[in-house]
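*Asks:* After the sequence you'll find the predicted model.
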Amino acid sequence: MINSPSCLAHDEDLSNRVVEWVKEGKVLPFDTIMQRYESRLKGRLLDLEVEQKHGRIIYELEILRDDGIVYEIKIDAKTGEWLKEKVD
């Protein structure tokens, strides 16, 4: 399981909105995403941001895996769909 940072986003206003969106059921809680992809999210979570792009709310993670490589992963916050993974 990954080590989770204490905040959801760098932008405090967006972080507050995410909390509201979770309460309203508009997005999945990040813990739900972590549980869903536990086997794919192994490593150390270096950064977690929340972005809005093309009408989607996206969790963007940077994970340092045991192989020493940092991966950037994008997951749709509403559906939980794994969108993209690349070496950062």
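*Replies:* Nice, thanks for sending it over. Here the structure is a predicted model, which is why all the values come from computation and not from measurement.
*Asks:* Could you list the low-pLDDT ranges of this structure?
*Replies:* Applying pLDDT under 70 to the chain flags the ranges 1-15.
*Asks:* what are the phi and psi angles of the residue located most distally from the centre of it?
*Replies:* The outermost residue of the chain relative to its centre, with distances by CA atoms, centre = their mean, is residue 67 at 20.5 Å. Phi and psi for residue 67, reported as degrees, to the nearest 10, are phi -80, psi 0.
*Asks:* Report the separation between it and residue 44.
*Replies:* Per CB to CB, to the nearest Å, residue 67 is found 12 Å from residue 44. For every residue, glycine as well, the C-beta is placed using N, CA and C.
*Asks:* From what I see, residue 28 and residue 77 are in contact.
*Replies:* Yes: under the criterion of CB atoms under 8 Å, residue 28 makes contact with residue 77 at 6.2 Å.
*Asks:* Looking at the two, which one has more neighbours?
*Replies:* Neighbour totals were compared for residue 28 and residue 77, and residue 77 leads with 26 against 20 (other CB atoms under 10 Å).
*Asks:* close enough to count as contact, the more buried one and residue 57?
*Replies:* Yes: proximity of residue 77 to residue 57 meets the contact threshold set by CB under 8 Å, at 4.2 Å.
*Asks:* ok, the residue positioned nearest the centre of the chain - contacts?
*Replies:* Computing the C-alpha centroid of the chain and ranking residues by CA atoms, centre = their mean puts residue 59 first, at 3.4 Å. Residues in contact with residue 59 (CB atoms under 8 Å, 6 or more residues apart in numbering) are 30, 33, 48-50, 74-77.
*Asks:* Could you say which helix or strand holds it?
*Replies:* Per DSSP states H and E: residue 59 is located in strand 56-64.
*Asks:* Can you tell me the strand partners of that strand and which way each runs?
*Replies:* Using DSSP bridges, the strands paired with strand 56-64 are strand 44-53 (antiparallel), strand 70-76 (antiparallel).
*Asks:* what comes up buried for that strand?
*Replies:* 57-64 (16 or more other CB atoms under 10 Å).
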